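> sequence unknown, structure follows:
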C-alpha cells in the first residue's frame with residue numbers, strides 16, 4: 001500500500017524536526033511536501049437555511065447502505081446553545097435530516113446549557129456518541145464555556161441514546177498550567193492496538209482560540225476511563241480535530257490555527273503521537289468531519305480521507321447562519 005511518495009518517506013526523519021525542534025534554513029530548503037486540494041459541494045436539507053444553525057459535523061460512518069452524520073443545531077452562530085441532530089444519506093450528497101439525537105442535560109448540570117460538536121465511534125457492536133457540553137448560558141456575560149466531553153451509547157445509530165455515567169468522560173485539567181485547563185472539546189475517535197484513542201482540542205486558562213492545541217486520551221474500553229497521555233499536547237495547534245488511521249499510523253488534517261509551519265497541512269505519526277508534516281492543504285475544510293472506513297477496524301489498512309463534510313459560513317453579503325457542506329480531497333505527491 002502506498003501512503004507517501006518515496007521522497008516523503010526518505011525525509012520523515014528530517015520532517016520530525018518540524019514539531020520537535022526548530023528546522024534550520026538548510027533543512028527547510030531540502031524538505032518537500034505533497035499537496036491536497038479541496039473542493040466543495042452544497043448539500044440539500046442540511047445546508048443553508050434561514051434562522052437555522054448547523055455546524056460541527058461528526059465524522060461519517062456507513063451502516064448498511066446509509067451514511068450517517070451528527071452535528072450541532074440551534075439558532076445562533078456558535079454552538080453554545082445547541083442540541084445534537086443527525087442526518088442520513090445513500091450517496092453522501094443528498095442528506096435527510098432525521099431529528100434530534102441528544103437533548104441538553106438538566107438545567108444546572110455540566111451539560112445544561114448546550115450539547116454540541118458530536119462525534120461517533122462504533123465498538124463492541126454498539127454506537128458511542130461523544131459530545132461537548134457546557135453549563136454556562138451563552139446569553140449571560142461574561143461568558144465562560146468551561147466545556148467538557150460527554151458520552152452516550154445506543155444499540156442503533158438511530159438511537160435512542162443513553163448517557164454513560166453521571167458526568168463527562170474527559171474534563172479540562174485542574175492545573176492552570178496545563179494546555180487544556182480552560183476547556184476541552186471536539187472528540188475524534190479511532191481504535192488502535194486494541195485501545196480507544198480519543199483525540200481532542202484544549203485551551204489553557206488565559207489563552208485565546210488561536211492558541212488551541214491538540215491532545216489525546218486513551219482507554220481500554222469504549223466507555224473509558226480515558227487517561228490523558230503524558231506527552232500532551234501532541235500537536236501545538238489546530239482548532240478542529242480531524243484524524244484517521246493511515247497504514248500503521250495516524251494522519252491529522254490541520255487548519256489555520258497554530259504555528260505557521262503546520263497550518264493548512266497533513267501531519268503523520270506512526271506511533272499516533274509524534275507528528276510530522278507530509279502535505280500542504282489548499283483551501284482546507286473548517287470544522288470538518290471525514291469518512292474514515294478503517295477508523296474502528298484496527299486493521300492497519302487505513303488510507304487517506306478523500307471526502308467528508310464541514311461547517312461553512314454564508315458568503316459575504318448573504319444573510320444566514322453556519323451550515324454544512326461537503327468537501328472532497330484530491331491527493332498528489
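Perfect, thanks for sending it. Model, not experiment: these values are computed from the prediction. Residues are numbered from 1 along each chain as shown.
> Which residues belonging to stretch 51-71 are considered buried?
Using 16 or more other C-beta atoms under 10 Å as the test for burial, stretch 51-71 gives 52-61, 67-71. Yep, even glycine has a C-beta here, placed from its N, CA and C like the rest.
> so where's the stretch 1-150 of the chain uncertain?
Within the stretch 1-150 of the chain, the segments meeting pLDDT under 70 span 1-31.
> Show me where it has its helices.
Along the stretch 1-150 of the chain, counting by DSSP state H, counting those that start in this stretch, helices occupy 6-10, 12-15, 17-20, 25-30.
> Could you pull up the contacting residues of residue 51?
Going by C-beta atoms under 8 Å, 6 or more residues apart in numbering, residue 51 touches 75, 321.
> And residue 127, by the same measure?
Contacts of residue 127 (C-beta under 8 Å, 6+ apart): 120-121, 153-157.
> Mind doing that once more with 7 Å?
Counting by C-beta atoms under 7 Å, 6 or more residues apart in numbering, residue 127 makes contact with 120, 153-154, 156-157.
> Most neighbours among these, please name it.
Neighbour counts for these (other C-beta atoms under 10 Å) peak at residue 120, which has 25 neighbours.
> just checking, that one touches residue 57?
No: using C-beta atoms under 7 Å, residue 120 makes no contact with residue 57, being 10.5 Å away.
> distance of the residue lying closest to residue 52 once chain neighbours are set aside from residue 48?
Distances taken as C-beta to C-beta, 6 or more residues apart in numbering place residue 321 nearest to residue 52, at 6.3 Å, with adjacent residues excluded. To residue 48, residue 321 is 8 Å away according to C-beta to C-beta, to the nearest Å.
> One more: residue 215?
Here the criterion is C-beta to C-beta. By it, residue 215 lies 33 Å from residue 48.
> and residue 253, how many residues sit next to it?
Counted with other C-beta under 10 Å, residue 253 comes out at 26.
> quick one, phi psi at the closest residue in space to it that isn't next to it in sequence?
Excluding its sequence neighbours, the residue lying closest to residue 253 (C-beta to C-beta, 6+ apart) is residue 242, at 4.2 Å. Backbone torsions for residue 242, taken as degrees, to the nearest 10, come to phi -130, psi 100.
> Starting from residue 64, give me the distance back to residue 242.
Using C-beta to C-beta, one gets 25 Å for the distance from residue 242 to residue 64.
> is residue 228 in a bridge, and if so with what?
Applying DSSP bridges to residue 228 gives these bridge partners: residue 217.
> Just give me the neighbour total for it.
By the criterion of other C-beta under 10 Å, residue 228 has 20 neighbours.
> Hmm, it is touching residue 215, no?
Yes: if you go by C-beta under 7 Å, residue 228 and residue 215 touch, sitting 6.2 Å apart.
> which residues in the stretch 101-250 of the chain form strands?
114-123, 126-134, 148-154, 162-163, 183-192, 195-203, 213-219, 227-228, 243-246, 249-254 (DSSP state E, counting those that start in this stretch).
> and the fifth one with strand 195-203, angle?
Relative orientation of strand 183-192 versus strand 195-203 (axes from the mean of the first three to the mean of the last three C-alpha atoms, to 10 degrees): 160 degrees.
> same question, the second one
Orientation note: strand 126-134 sits at an angle of 20 degrees relative to strand 195-203 (the same axes, to 10 degrees).
> just the first one next, same as before
Relative orientation of strand 114-123 with respect to strand 195-203: 160 degrees, computed using the same axes, to 10 degrees.
> who touches strand 114-123?
By C-beta under 7 Å, 6+ apart, strand 114-123 touches 56, 58-59, 61, 70-72, 79-84, 102, 104-105, 127-134, 185-189, 191, 196, 222, 296.
> so how far is residue 308 from residue 235?
Separation of residue 235 from residue 308 (C-beta to C-beta): 19 Å.
> What confidence value was assigned to residue 320?
pLDDT for residue 320: 95.
> In this model residue 48 seems to touch it, though I could be wrong.
Yes: if you go by C-beta under 7 Å, residue 320 and residue 48 touch, sitting 5.2 Å apart.
> Now for the two: what residues contact both?
residue 314.
> ok so, going back, if you count surrounding residues, which of residue 215 and residue 48 has more?
A count of neighbours by other C-beta under 10 Å puts residue 215 above the other of residue 215 and residue 48, at 23 against 20.
> and that one, what does it touch?
By C-beta under 7 Å, 6+ apart, the contact set of residue 215 is 179-180, 200, 202, 228-229, 232-234.
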